[in-house]
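A.B. asks: What follows is a predicted structure for the sequence shown.
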Amino acid sequence: MKHDLPAGLSVFLVALPLCLGIALASGAPLYSGLLSGIIGGLVVSLISGSQLGVSGPAAGLTTIVAASIVSLGDFRIFLLAVMVAGLFQIVLGILKLGIIANYFPSSVIKGMLAAIGIILISKQIPLALGYDQPDFWTSGFLKLFSQENILGNLSSFSEHITKSVIIITFISLVLMILMQQKYALKLKVIPAPLLVVVMGILLNLLFSFLDKGLSLKQTQLVNIPNNIFNSISFPIFSKLFSNIQIWKDGAIIGLLATLETLLCSEAIDKLDIRNRITPVNKELIAQGIGNMLCGLLGAIPITAVVVRGAANVDAGGRTKLSAFTHGLFLLLAVLFVPFLLNKIPYASLAAILLVTGYNLTKPKLYKNMWSLGRKQFIPFVFTIIVILLTDLLVGVSIGLLISIYYIIQNNFKTEYVITRTKKHETEFIILKLNSNVTFLNKVKLRKTLDQIPEYSCLTIDGSDSNFIDYDILEIISEYANKAHDRHIELNLAGIQKVNVTAVH
């Protein structure tokens, strides 16, 4: 209690504005973000094997959640997709597929997060300027620039934009930036998001005191129902098999939530001074149960979150009790002080999310990826571009395919080494196979063998190979049957010939 209770309070102060901000960015009811935080704290922490991880709504899922809510047309139907995502994660955990994150190249994951950062920033700009219409940019990133959207929305900007919102946004951004500097990180007394929220509330009260015309409109403030439990939306189970999109979105959300959780767990384990390792499959089952509960109770999906986990470590948390305590504090805030939450300006939350988005897509990231060479930079950039043009799943898939292309290309270059020597009039050729030779090497190997000159001595050496694909053995065996007719003396070292007489 000495360590975990204060740590839980600190994580709660970080999580509260983020739960609201991520729900806002996702186009979901604000209370759904708070419910996600509560479920992540009170339920997932108890089932999870992670001692320091903290679960809740994540900025990385905002894009797919917002798109899914719009495409399905009803938040209650979207909740079915969240339950499918949870089921997907439970199945992955039961099948012990927690290692799945290791098969996604770092360049693709970084590209995905950078694209999410760009979209997150674009979605918050209207709120940061005072535009209070929730449908301003819901049509997708590219469609923002269509004539009907950009001109139509800009023409009505003057009706919605307010000086006070811009002032709150500006001061909030300055605070967030200052609190991220090295000298400010040593303070650790007040989390930056909480300071920004409190400052936004105080500035709005000051505007109201100085001039009623400067105070924010009700539509520019958070609106949490006084009795949240009377306003909860529940999934419409009768629609579960009515639309394949529900299952598709559920699988995408489940996959992205799994990747983010596993990457976060790895990062938090590195911060743990006691060197405890999170059991990944148990973590997936815990996250899956959490997401099924989120869908059932009207909340947006959750993952393990680096920001909250790092805040937990910094605050001195030692066991999973700190994550549980943060969920308890969130529940108490919703039950007893919703009137205080309703004084928070959207502009303050937008500023927090603008900085969150920037941290995901910093110029330093692009510079670093460029320095790693084209095999890292090209999949990274293509992932970003395709996500912005289409959606997350297509973008990640294209990035993955480009990365696989470079792996295959590299494999072609390292399949074998040829050395040639000449004694008298006879050419001696040694073709030494590398440690792993797969069917991907068939074309080049066959071409090389066909170019061996007549009246030469060829040695194919596979003695240092750990694995030689059957397809390769078949090509070598076929060649061995023809070598005598071409007056080539063939020697095989460490290679077992296969029967090719029955091959059609």
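C.D. replies: Structure received. Numbering: from 1, shown residues only.
A.B. asks: how many neighbours does residue 92 have?
C.D. replies: By other CB atoms under 10 Å, the residues close to residue 92 number 22. The C-beta positions use only the backbone N, C-alpha and C, and glycine is treated the same way.
A.B. asks: State the helix or strand in which it lies.
C.D. replies: Assigned by DSSP states H and E, residue 92 belongs to helix 75-94.
A.B. asks: What is that helix packed up against?
C.D. replies: Helices and strands touching helix 75-94, by 3 or more CB pairs under 8 Å, 6 or more residues apart in numbering; DSSP states H and E, are helix 62-72, helix 244-271, helix 280-297.
A.B. asks: What lies in contact with the shortest one?
C.D. replies: Yep, that's helix 62-72 we're talking about. 22, 25-28, 75, 78, 81, 115-116, 119-120, 123, 138, 140, 243, 245-246, 249, 252-253, 256, 300-301, 387, 391-392 (CB atoms under 8 Å, 6 or more residues apart in numbering).
A.B. asks: now do 7 Å
C.D. replies: Helix 62-72 is contacted from outside by 22, 25-28, 75, 78, 81, 116, 119-120, 138, 245-246, 249, 252-253, 256, 300-301, 391-392, using CB atoms under 7 Å, 6 or more residues apart in numbering.
A.B. asks: quick one on the thing from earlier: between the helices and strands packed on helix 75-94, which one is closest to residue 44.
C.D. replies: Nearest of those to residue 44, taken as CB to CB: helix 280-297 at 4.0 Å.
A.B. asks: Partner strands of the helix or strand following that closest one, with direction?
C.D. replies: The helix or strand immediately downstream of helix 280-297 is strand 303-304, counting by DSSP H and E. Partners of strand 303-304 in the sheet, by DSSP bridges, are strand 55-56 (antiparallel).
A.B. asks: and the contacts of helix 62-72, which are buried?
C.D. replies: Buried by 16 or more other CB atoms under 10 Å: 22, 25-28, 75, 78, 81, 116, 119-120, 246, 249, 252-253, 256, 300-301, 391-392, out of the contacts of helix 62-72.
A.B. asks: So, low pLDDT: which residues of the stretch 301-450 of the chain?
C.D. replies: Low-confidence segments of the stretch 301-450 of the chain (pLDDT under 70): 410-415.
A.B. asks: Same question for the stretch 1-150 of the chain.
C.D. replies: 101-102, 132-150.
A.B. asks: repeat that for 80
C.D. replies: For the stretch 1-150 of the chain, the stretches flagged by pLDDT under 80 are 1-2, 10, 13-14, 60, 100-104, 113, 116, 120, 123, 131-150.
A.B. asks: returning to what we had before: give me the distance from the helix or strand just after the helix holding residue 92 to the chain's centre.
C.D. replies: Later in the chain than helix 75-94, the nearest helix or strand by DSSP H and E is helix 106-129. Here the centre of helix 106-129 is set off from its chain's centre by 11 Å, with CA atoms, centre = their mean, to the nearest Å.
A.B. asks: Also stretch 420-431?
C.D. replies: How far stretch 420-431 lies from its chain's middle: 55 Å, per CA atoms, centre = their mean.
A.B. asks: Ramachandran angles for residue 453?
C.D. replies: Note on residue 453: its backbone torsions stand at phi -70, psi 150 [degrees, to the nearest 10].
A.B. asks: Same question for residue 494.
C.D. replies: Dihedral pair for residue 494: phi 70, psi 20, per degrees, to the nearest 10.
A.B. asks: Tell me who's in contact with it.
C.D. replies: Contacts of residue 494 by CB under 7 Å, 6+ apart are 461-463, 465.
A.B. asks: Could you check the pLDDT of it?
C.D. replies: Turning to residue 494, the model gives it a pLDDT of 86.
A.B. asks: from now on call the first residue 721
C.D. replies: Done: numbering now begins at 721, and the last item shifts to residue 1214.
A.B. asks: per the record, what domains does the chain have?
C.D. replies: By the assignment in automatic domain parsing, the chain contains the domains 724-1123, 1135-1213.
A.B. asks: any residues touching stretch 766-775, and which ones?
C.D. replies: Counting by CB under 7 Å, 6+ apart, 731, 760, 764, 984-985, 988, 992, 996, 998-999, 1002-1003, 1006-1007, 1009-1010, 1022-1025, 1028-1029, 1032-1033, 1037, 1039-1040, 1043-1044, 1046 sit against stretch 766-775.
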